[in-house]
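Asker: build me a model:
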Amino acid sequence: MAAPFRVALRRHLELAPARRLPRPAHRHQSSGPNSGAKELKTEDPIPVQNTVGLLPFWQRLGPLTRAGQAYARAQRKRPWVTQVTSTLVIYFCADLSAQRISGNSYDPKRTVRSLIIGGVSSIPSYTWFMWLSRNFNYSSHLLSIAAKVAVNQTFFTPIFNTYFFGAQALLSGDTLSETWERVKMTVPVSIANSLKLWPAVTAFSFTYVPLEYRSVFAGVVAVGWQTYLSFLNRQAELREESQKMILASAEHEKLASVITTDSVDCQKRRLPT
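Answerer: Numbering: from 1, shown residues only. Model (predicted):
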């Protein structure tokens, strides 16, 4: 009984239509070598970070950025004219600041002297820093910066400070000996104080600031530095004036003492013996 039932069930299954399971929906894919990568990209996309970098800080300052770009264009087109003009502006602002700090009334002659000194030194200073930018460029960035700072502090700083204070003294009407005394009084102090500022400024400028903006960056710092130099020069002038007054007072007292002694001698001669 069981055998005929199994035979009938087998025949029924063979004659029944085969049912197919539903296939998952797939997009049309090529059979090329990169088909696996395309399938991964279309079915499971991976977010990619935006590769467009932010602009440098100095290019995101609005009007200041546009002014800096205009200065950079002028620097590339007419470097000497731009350098002289910017140097005169720096020295003018520095002298005004120094005179304001001193608390005395405004002296236009001091401003004229500062403008002459700045105008004469503008092109040599620009030429020096351009030469420094093109040289001492080693494979090690740290070594390059250290060499530039060392060369600048060894040669440029003493020469420029001597020129600045010496020219201030000569234009003020001092003699050569008085000018030399002014230089001895101010240059060592200024060099020692420059070590606290300019090595860091020079290293930052050559590391982060583009070439066309280095003059602007150095100019902003130079306003404060020239203010200090002008103030230091004024203090030296006041000390010289004080010493001259002391010497004049001593000469006056000496002359008065001589006159008094002579008058006493004359009176003694006139007295009857």
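
Asker: could you point out the helix or strand that follows whichever strand or helix holds Phe129?
Answerer: For Phe129, the host element (DSSP states H and E) is helix 108-134. Downstream of helix 108-134, the next assigned helix or strand under DSSP H and E is helix 141-151.

Asker: quick check: mean pLDDT of that next one?
Answerer: For helix 141-151, mean pLDDT is 93.

Asker: now for that helix, which elements pack on it?
Answerer: Packed against helix 141-151, as judged by 3 or more Cβ pairs under 8 Å, 6 or more residues apart in numbering; DSSP states H and E, are the following elements: helix 198-208. Heads up, the C-betas are built off the backbone N, CA and C, glycines and all.

Asker: which residues are in contact with stretch 115-127?
Answerer: 79-80, 83-84, 86-88, 90-92, 95, 156, 160, 163-164, 167-168, 171, 215, 226 (Cβ atoms under 8 Å, 6 or more residues apart in numbering).

Asker: ok, 6 Å please
Answerer: Stretch 115-127 is contacted from outside by Trp80, Gln83, Val84, Thr87, Leu88, Tyr91, Ala167, using Cβ atoms under 6 Å, 6 or more residues apart in numbering.

Asker: and the last one, what pLDDT?
Answerer: According to the prediction, Ala167 has pLDDT 94.

Asker: chain neighbours aside, what residue packs nearest to it?
Answerer: Sequence neighbours aside, Ile117 is the residue nearest to Ala167 in space, at 4.9 Å (criterion: Cβ to Cβ, 6 or more residues apart in numbering).

Asker: any stretches of the stretch 51-200 of the chain with poor pLDDT?
Answerer: Scanning the stretch 51-200 of the chain for pLDDT under 70 picks out 51-61.

Asker: about what we covered before: what's the burial count for the residue nearest to Ala167?
Answerer: 23 (other Cβ atoms under 10 Å).

Asker: measure it to Leu238 for me?
Answerer: Plainly put, Ile117 is 19 Å away from Leu238 if you go by Cβ to Cβ, to the nearest Å.

Asker: quick one: the helices in the stretch 1-150 of the chain?
Answerer: All helices of the stretch 1-150 of the chain, identified by DSSP state H, counting those that start in this stretch, fall at 2-15, 35-43, 63-77, 79-102, 108-134, 141-151.

Asker: name the helix or strand for the closest residue to Val201 other than its chain neighbours, please.
Answerer: Excluding its sequence neighbours, the residue lying closest to Val201 (Cβ to Cβ, 6+ apart) is Val221, at 5.3 Å. Here Val221 is covered by helix 214-270, with elements defined by DSSP H and E.

Asker: how far away is the residue nearest to Val201 from Thr111?
Answerer: Distance from Val221 to Thr111, by Cβ to Cβ: 21 Å.

Asker: kindly report the same for Thr87.
Answerer: Counting by Cβ to Cβ - Thr87 and Thr111 are separated by 14 Å.

Asker: those two - which one has more neighbours?
Answerer: The residue with more neighbours, out of Thr87 and Thr111, is Thr87; 24 against 18, by other Cβ under 10 Å.

Asker: how close does the nearest residue to the more buried one once chain neighbours are set aside sit to Ile90?
Answerer: Using Cβ to Cβ, 6+ apart and skipping the chain neighbours, the partner closest in space to Thr87 is Ser122 (3.7 Å). Distance of Ser122 to Ile90, computed by Cβ to Cβ: 9 Å.
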